[in-house]
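Colleague: fold the following, please.
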Amino acid sequence: MTSLNDPRAFLRHLYDAAVQRALPALNTAAYLPPPPDTSGPRQGRTVVIGAGKAGGAMAAAVDALWPAHAPMSGLVVTRYDHVPPAYLARPGRIEVVQARHPVPDEAGQQAAQRIAAMVQGLTEHDLVLCLVSGGGSALLSLPAPGLTLEDKQAINRALLKSGAAIDEMNCVRKHLSAIKGGRLAALCAPARVVTLLISDVPGDAPEVIASGPTVPDASTCADALAICRRYGIALPPAALAGLESGAFETPKPGDPLFHGHQVHMLATPQQALEAAAAAARAAGVEAHILSDEMEGESRVVGQVQAALARAVARRGAPFARPCVILSGGETTVTVGHQPAPGAAPGKGGRATEFLLGCALALQGQLGVHVLAADTDGIDGVEDNAGALVTPDTLARAAALGLKPQDFLDRHDAYSFFAALGDLVVPGPTYTNVNDFRALLVS
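Modeller: Residues are numbered from 1 along each chain as shown. Purely as a prediction, here's the structure:
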């Protein structure tokens, strides 16, 4: 890999290395518990449940690794088109169904209802394996009493447009759910629960990943209500009453229902970044990981990282050239622009909005190439994972009559990079450790 001769290929190589490190097939075996005893009079069952963008790949990994002689059944829900083709062609012992993300749909609600029914009547001799990854909040949708799926959809859309951080959004989601925030673990009682996680959140907090369906929740109804008020999220009467009265409170740390449960982290954003850094160093380029927990407005984070790259390119500080600067986390896009009547809404996600802000701030800086992409292969709801910025991005845009600031103002970064032919489109990766950003300074 000649990084300086082919910066685009080099950056894509780093992205692929990050994704590879997070694949369930490579990370599951060490964390599987032994099957329950099936030889004596107290025979135990193994039930596999779960939700998330990596759910299909996690189910395939568990099915392949679980002993053939040990009985196992289960149901996992993942995003549409996120079931690995091999498992789709030859399903195993764990059923995988598909639903909508990021706004829940009826398929996700039906899957949640089936999972809730599946874990009823278990005993202390039974084992529940819960496979959890990012996206599970939307995919495992079971509204709290008095709420409808339409209520949850409206609240979810408002949260996605508000600019709220992922932990804030999931605080609200879990308190308006009958299955998240530890409630799924309560439904499994008294069975033993082992939760396998792939983290997509800053800090890798189990209670935030997919709104923590099987782990205790320290946040409160009051916290969720304050978040809704902070971002102007309209709540239906039943939701408001449940939060104000505390009726929608979640199981807390120390609750005996979690006794004996285990939680294992299969893959994290930091591990993915370290894999990318190792790949860069193997190619002779020094790598620097800024953080795996970066949050904030996508375009602003892009401007800040552009300033850092310019400093390295111009002065060789704070890092010597050549180098690659890596970061992860979950930035946000606050949708403040309303399209003109009859105009199509802007298209794009966190990665492309980061890149457009970065490109404007770089102003064609020589020697700087940037790739940003979501590790699940999908940036927002489009078909791309992200895109690339090159030193001639703005010049090529000008030649086509494109005004980048206009695209940024209407949150239409996807269309901007599509016109340039600079989208990164790997398709679903079947894992998810959130944003990946790499700035190569040669």
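Colleague: and the strands in this protein?
Modeller: 46-51, 73-79, 94-99, 127-133, 192-198, 262-267, 286-294, 323-329, 368-374, 386-389, 423-424, 435-441 (DSSP state E).
Colleague: could I get these as CSV with mean pLDDT and mean neighbour count?
Modeller: In this view, the C-beta of every residue, glycine as well, is placed from N, C-alpha and C. Shown next, in CSV, are the strands of the chain (pLDDT from 0 to 100; neighbours: other CB atoms under 10 Å):
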stretch, mean pLDDT, mean neighbour count
strand 46-51, 98, 29
strand 73-79, 97, 25
strand 94-99, 98, 22
strand 127-133, 98, 28
strand 192-198, 98, 26
strand 262-267, 98, 19
strand 286-294, 97, 18
strand 323-329, 97, 24
strand 368-374, 98, 28
strand 386-389, 98, 28
strand 423-424, 98, 22
strand 435-441, 98, 27
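Colleague: between the ones you listed, which one is closest to Ala279.
Modeller: Among these, the nearest to Ala279 by CB to CB is strand 286-294 (8.3 Å).
Colleague: columns distance to Ala247 on top of the strands of the chain, output as JSON lines?
Modeller: Output for the strands of the chain, formatted as JSON lines (distance: least, CB to CB, whole Å):
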{"stretch": "strand 46-51", "distance to Ala247": "24"}
{"stretch": "strand 73-79", "distance to Ala247": "27"}
{"stretch": "strand 94-99", "distance to Ala247": "27"}
{"stretch": "strand 127-133", "distance to Ala247": "25"}
{"stretch": "strand 192-198", "distance to Ala247": "25"}
{"stretch": "strand 262-267", "distance to Ala247": "27"}
{"stretch": "strand 286-294", "distance to Ala247": "33"}
{"stretch": "strand 323-329", "distance to Ala247": "34"}
{"stretch": "strand 368-374", "distance to Ala247": "36"}
{"stretch": "strand 386-389", "distance to Ala247": "42"}
{"stretch": "strand 423-424", "distance to Ala247": "45"}
{"stretch": "strand 435-441", "distance to Ala247": "36"}
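Colleague: scan the protein for its longest helix.
Modeller: Secondary structure of the chain per DSSP state H: the longest helix is helix 298-315.
Colleague: of the strands of the chain, which is nearest Arg410?
Modeller: Nearest of those to Arg410, taken as CB to CB: strand 386-389 at 16.7 Å.
Colleague: if we can go back for a sec, using CSV, write out every CA atom in the longest helix of the chain.
Modeller: The C-alpha trace of helix 298-315 is given here as CSV (Å, rounded to 0.1, in the frame of the first residue of the first chain):
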residue,chain,number,x,y,z
SER,A,298,-20.9,17.5,12.5
ARG,A,299,-20.0,20.5,10.5
VAL,A,300,-18.3,22.2,13.4
VAL,A,301,-16.3,19.1,14.2
GLY,A,302,-15.3,19.1,10.6
GLN,A,303,-14.1,22.7,10.8
VAL,A,304,-12.0,21.9,14.0
GLN,A,305,-10.3,18.9,12.5
ALA,A,306,-9.6,20.9,9.3
ALA,A,307,-7.8,23.5,11.4
LEU,A,308,-5.7,20.7,12.9
ALA,A,309,-4.8,19.3,9.5
ARG,A,310,-3.9,22.7,8.1
ALA,A,311,-1.5,23.2,11.0
VAL,A,312,0.2,19.9,10.4
ALA,A,313,0.4,20.6,6.7
ARG,A,314,1.8,24.1,7.0
ARG,A,315,3.9,23.9,10.2
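Colleague: list the helices and strands it packs on?
Modeller: strand 323-329, helix 350-362, strand 368-374, strand 435-441 (3 or more CB pairs under 8 Å, 6 or more residues apart in numbering; DSSP states H and E).
Colleague: how about a cut-off of 6 Å?
Modeller: helix 350-362, strand 435-441 (3 or more CB pairs under 6 Å, 6 or more residues apart in numbering; DSSP states H and E).
Colleague: contacting residues for the closest residue in space to Pro251 that isn't next to it in sequence?
Modeller: Nearest residue to Pro251, sequence neighbours excluded (CB to CB, 6 or more residues apart in numbering): Gly182, at 3.9 Å. Neighbour list for Gly182: Val215, Pro216, Asp217, Thr250, Pro251 [criterion: CB atoms under 6 Å, 6 or more residues apart in numbering].
Colleague: shouldn't the first one be in contact with Ile209?
Modeller: No. In this structure, Val215 sits apart from Ile209 without contact. The criterion is CB atoms under 6 Å, and the distance is 8.7 Å.
Colleague: and those two? Which one has more around it.
Modeller: Between Val215 and Ile209, counted using other CB atoms under 10 Å, Ile209 has the larger neighbour count: 29 against 25.
Colleague: picking that back up, and of the helices and strands packed on helix 298-315, who's closest to Arg310?
Modeller: Closest among the helices and strands packed on helix 298-315, using CB to CB: helix 350-362, at 6.6 Å.
Colleague: any idea of the mean pLDDT in the closest one?
Modeller: Mean per-residue pLDDT for helix 350-362: 98.
Colleague: got the angle for that helix vs strand 368-374?
Modeller: 160 degrees (axes from the mean of the first three to the mean of the last three CA atoms, to 10 degrees).
Colleague: and helix 350-362, what other elements does it pack with?
Modeller: Helices and strands touching helix 350-362, by 3+ CB pairs under 6 Å, 6+ apart, are helix 298-315, strand 368-374, strand 386-389, helix 413-420.
Colleague: walk me through the domains of the protein.
Modeller: The chain breaks down by automatic domain parsing into domains covering 7-19+269-441, 32-267.
Colleague: please tell me how far the residue nearest to Pro251 sits from Pro253.
Modeller: Using CB to CB, to the nearest Å, Gly182 is found at 9 Å from Pro253.
Colleague: cool, and Ile155?
Modeller: Separation of Ile155 from Pro253 (CB to CB) stands at 26 Å.
Colleague: comparing the two, which residue is more hemmed in?
Modeller: Ile155 (23 against 11).
Colleague: what's the burial count for the closest residue to Ala311 other than its chain neighbours?
Modeller: Using CB to CB, 6+ apart and skipping residues adjacent in sequence, the residue nearest Ala311 is Ala317, 6.2 Å away. Taking other CB under 10 Å as the criterion, the count of residues near Ala317 is 9.
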